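S.K.: Sequence isn't available, so here's the structure alone:
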């Protein structure tokens, strides 16, 4: 059990950094994962920019978004996004909230992102919109109250993503790797859709194509390929520092290559 | 007192480099801070590109933009921008003048930047325009005369930023950290607003939202998060060289990590 | 003979990395070369992101896209693209399938890319479109069946490239270096064509110009110049790891510079 | 005299690399300087990508674009651009021909670049167009014949730059530093002008402003600032390798910092 937890925490820290390095997250945004054995809890960093998150930053929360242990550090103001979605969607194992540059024009113009290339189908047919102003009037647009989180979760419904007017997007997945690839491909899709508008009217995928192409990014050979690619790119840009909490690790620093993938580790290779 | 001054000078040099590294400043542009104890003076580098500025480059000026000590180096031609604004606005503790790529299309087309996402509210309702030609006719567009500086300060009025036609923008803040985040978020806002126009008509924030979201970037956990993020990104790209003026520092070079944040320093970590 | 094969495999791995580093390929896409002595076979990596491909990753396939030796690793699902084109086009010695950001808006809007600058003429008059849905109805858009590959090859016909609606592009060449420069220049051409549309109606090259400029990138001094440039850029970003399969290489690691060009090697220079 | 020549050759190599690093040049394009003492000759590299050019690559040419010493390497096909302009314009001391991404949309759409911000005035009122097809019919668009070079020089006339339809641009200067800043600011101007079109009709500078702002980039404190900035950015990306031709240099490798500016050199600082 401890290994399962350790692995998930490492993967969660890595998912934060990959999404930051690939341009989905910036100074803001956060990624969570449901607890591996207790579905009534989830894992999320304390308040820190996702590019910098390390395993030791990850804390455990109840689904009311209360930290299980009294925190000594600032927490993300918007963690109810995560808790409320985990309450509403038992199938969801990972959540990311972001303000990616690629989706912001759509969140601002109120125009839907639709899948326009096969990998974009990872987002499903279309992402609904949620405007915090509709139900809550003037706010600072942060989703901080339980009722705001529940409202957002209702707008998400059974979809894979929800666009938040004048704010950003929230994306969910059946696991961290699905979440990472869905978020990245949805951003690529948004960028291509925007540029295609300069040329004419984009042709979205046919309905049947969306369904069939929607699971492409979950194919084992695709997951292996994308995870290695994003990990190695991150590694080349600095990667993950050695864990501070492990005295053993401190004495024998983990080589950088060990941070990438089991495949990388086996070969002891590094770029 | 010397420590307060030393800290501010270090922060000012860092602010210059962060804004250059994040794409707000390029070969040009300059950042100043009001003197920490004498409101009748301000601190600004001699003429140098902001990415390269070190604490030793920072000089002290009167509000007439005269250097307190006779300079041995070139000064920025446009320092009256800073002096005239510090004269007109006792609440302003930091000023940046820039030609960021994100704002230039608006300065050229004469179209207003309006807050279109929550962090963009840091710029306030809207930035006024100032066209140097209106009052001064044909010039080289540099703001070099006292009367030009005063005219710009009048156009800025109580706003947080002013757009300068065919030239750039000037942004003010209650402190360096507010100034840095306001400038970065205003550029992001401009970029998103421009791209949203390809999709349709951008929906700006509601008036009440602008007011409430306008102080988001000043929340302590946000300031901590963004400053660490921008500092670590800068550090990864080369950071700040060790101070030349301190013999002690020269003998015991400050570790790179010490340049980031107190939190970083405590942990002795570095990316 | 072994040397000819070794050289081609090294060049193929390098072509993958160059095209990834120059933004034609990303997590996806793949490059193949026809076998140097047996026209009934071709060389292609196992399933791996092209930026990471090493000579040891390259496998040999029949033109039915079956691996010659039983594979121990995942293969690209879409390798029939390569096999079917090599069957149909005896003049083709190299093939790349990609989803470059520059071509995606055209694949989505269904608008043709036409040569708008002299180097863009490397793609020929115009690239035809192929919509998998026309013949095969709803699919996941991957080209995995022999009949899908043959259909794509028919659409390509005698052209140098074919655009695949809502998917990407496939480009062919008389050799790897021709393929690499054609793919890069076609992407530049697409990007410039898109931006020119903001200004007005792009003027494509005259027919006679396309014919005359179409072979520019094959001029010996151009090939030398571009290959050195792309190789050195790749090298500066990490380059190619030393070969694992050669015990000798493992004992005496090949210097990074040796990975670039014979010219580079001669001078022992490195950036 | 040898020192003057050595300095110019070093500056010319650096100008090539700076313009490549700042995105004006890519695999193609070339920069020349008139001979420091013999106005009937000019200096230009042999055929090599500008990012890679070293002082040892620079050769001497007559104004007929013939190499003074028989060359052992490929030469640029388009060197008549340089020779013909030096013949026609005794005031021109440096020439660059490029295909920068920023100007290509204008060269393709046939729409003029006009100065829209103060630094953009470095290009003058407007750059004329030259279409090789008008006079020479179908060609591969390379400017290789003396009559093509003379025709281009006639189109340039007394201007600072000429746009070449479906090809690129040629820019001239009274010296290398003027040429470098003019080329970079003209590209920034083109990019801002293009983006401003999404917002509305760009307001170009007033005529008098163009004249007054046109010399801004030649102010001593501006030249110092921009040259240090571009040099340090280049240095951070790899800089210039030590000279191969000097045995002394080979024994005592020149420190990287010595490649930047005299100011840098004095301080022995490096980023």
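M.R.: Looks like it arrived, so ask away. None of the values given here were measured: they were computed from a predicted structure. Residues are numbered from 1 along each chain as shown, chains lettered A, B, ... in the order given.

S.K.: switch to C-alpha atoms for all contacts and neighbour counts from now on
M.R.: Fine.

S.K.: ranges for the strands of chain A?
M.R.: A:30-34, A:41-45, A:58-62, A:94-98, A:129-130, A:161-164, A:168-173 (DSSP state E).

S.K.: Just the buried residues of the last one, please?
M.R.: So the one you mean is strand A:168-173. Buried residues in strand A:168-173, counting neighbours by 16 or more other Cα atoms under 10 Å in any protein chain shown, are found at A:168, A:169, A:170, A:171, A:172, A:173.

S.K.: Could you dump the strands of chain A into CSV and include distance to residue A:221 and mean pLDDT?
M.R.: Below are the strands of chain A laid out as CSV (distance: least, Cα to Cα, whole Å; pLDDT from 0 to 100):
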stretch, distance to residue A:221, mean pLDDT
strand A:30-34, 23, 98
strand A:41-45, 27, 98
strand A:58-62, 29, 98
strand A:94-98, 21, 98
strand A:129-130, 33, 98
strand A:161-164, 24, 98
strand A:168-173, 19, 98
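
S.K.: So which bits of chain A are right by chain B?
M.R.: Proximity of chain A to chain B (Cα under 8 Å from any Cα of the partner chain) is limited to residues A:27-28, A:47-49, A:51-52, A:74-75, A:101, A:104-106, A:108-111, A:138-141, A:166-167, A:194, A:197-198, A:238-241.

S.K.: Please repeat the previous calculation with a cut-off of 7 Å.
M.R.: By Cα under 7 Å from any Cα of the partner chain, the residues of chain A that approach chain B are A:27, A:47-49, A:74, A:104-106, A:108-109, A:111, A:138-141, A:166-167, A:238, A:241.

S.K.: Those in helices, which ones?
M.R.: A:104, A:105, A:106, A:108, A:109 (DSSP state H).

S.K.: ok, how many other residues are close to whatever residue of the stretch 151-271 of chain A ends up closest to chain D?
M.R.: Closest residue of the stretch 151-271 of chain A to chain D, Cα to the nearest Cα: residue A:198 (10.7 Å). Residues lying near residue A:198 (other Cα atoms under 10 Å in any protein chain shown) number 18.

S.K.: Make JSON lines out of the buried residues of strand A:168-173 and add distance to chain D.
M.R.: Converted to JSON lines, these look like this (distance: Cα to the nearest Cα, whole Å):
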{"residue": "A:168", "distance to chain D": "23"}
{"residue": "A:169", "distance to chain D": "25"}
{"residue": "A:170", "distance to chain D": "29"}
{"residue": "A:171", "distance to chain D": "30"}
{"residue": "A:172", "distance to chain D": "34"}
{"residue": "A:173", "distance to chain D": "36"}
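
S.K.: which one of these is nearest chain B?
M.R.: Nearest to chain B among the buried residues of strand A:168-173, with distances taken as Cα to the nearest Cα, is residue A:168, at 8.2 Å.

S.K.: and that closest one, what are its bridge partners?
M.R.: Counting by DSSP bridges, residue A:168 forms beta bridges with residue A:164.

S.K.: Quick check, it in contact with residue A:101.
M.R.: No. At 9.0 Å, residue A:168 does not count as touching residue A:101 under the criterion of Cα atoms under 7 Å.

S.K.: pLDDT below threshold where in chain A?
M.R.: Across chain A, residues meeting the criterion (pLDDT under 70) sit at A:1-2, A:243-271.

S.K.: Nearest to the spatial middle of chain A, which residue is it?
M.R.: Central residue of chain A (Cα atoms, centre = their mean): residue A:96, 3.3 Å from the mean position.

S.K.: Contacts only, for the nearest residue to that residue once chain neighbours are set aside.
M.R.: Closest residue to residue A:96 apart from its sequence neighbours, by Cα to Cα, 6 or more residues apart in numbering or on different chains: residue A:31 at 4.3 Å. Residues counted as contacts of residue A:31 (Cα atoms under 7 Å, 6 or more residues apart in numbering or on different chains) are A:16, A:44, A:95, A:96, A:97.

S.K.: what angle sits between the lengthiest helix in chain A and helix B:176-199?
M.R.: For chain A, the helix that runs over the most residues, judged by DSSP H, is helix A:176-199. Helix A:176-199 and helix B:176-199 are oriented at 60 degrees to each other (axes from the mean of the first three to the mean of the last three Cα atoms, to 10 degrees).

S.K.: which secondary structure elements does helix A:176-199 contact?
M.R.: helix A:2-21, strand A:168-173, helix C:104-109 (3 or more Cα pairs under 7 Å, 6 or more residues apart in numbering or on different chains; DSSP states H and E).

S.K.: separation between the residue nearest to residue A:96 and chain C?
M.R.: 22 Å (Cα to the nearest Cα, to the nearest Å).

S.K.: And for residue A:182?
M.R.: 13 Å.

S.K.: Ok, residue A:205 next?
M.R.: Residue A:205 is 7 Å from chain C, by Cα to the nearest Cα.

S.K.: Phi and psi next, for the spatially closest residue to that residue that is not a sequence neighbour.
M.R.: Spatially, and ignoring its direct neighbours in sequence, residue A:205 is nearest to residue A:116 (5.5 Å; Cα to Cα, 6+ apart). Dihedral angles phi and psi of residue A:116 (degrees, to the nearest 10) take the values phi -110, psi 0.

S.K.: who's in contact with residue A:116?
M.R.: Taking Cα under 7 Å, 6+ apart, one finds A:189, A:193, A:203, A:204, A:205, C:108, C:166 in contact with residue A:116.

S.K.: at 10 Å what do you get?
M.R.: A:186, A:188-190, A:192-193, A:196, A:202-206, A:210, C:104-105, C:107-109, C:165-167 (Cα atoms under 10 Å, 6 or more residues apart in numbering or on different chains).

S.K.: is it true that residue A:28 touches residue A:77?
M.R.: No. The pair residue A:28 and residue A:77 does not pass the contact test of Cα atoms under 10 Å, sitting 11.2 Å apart.
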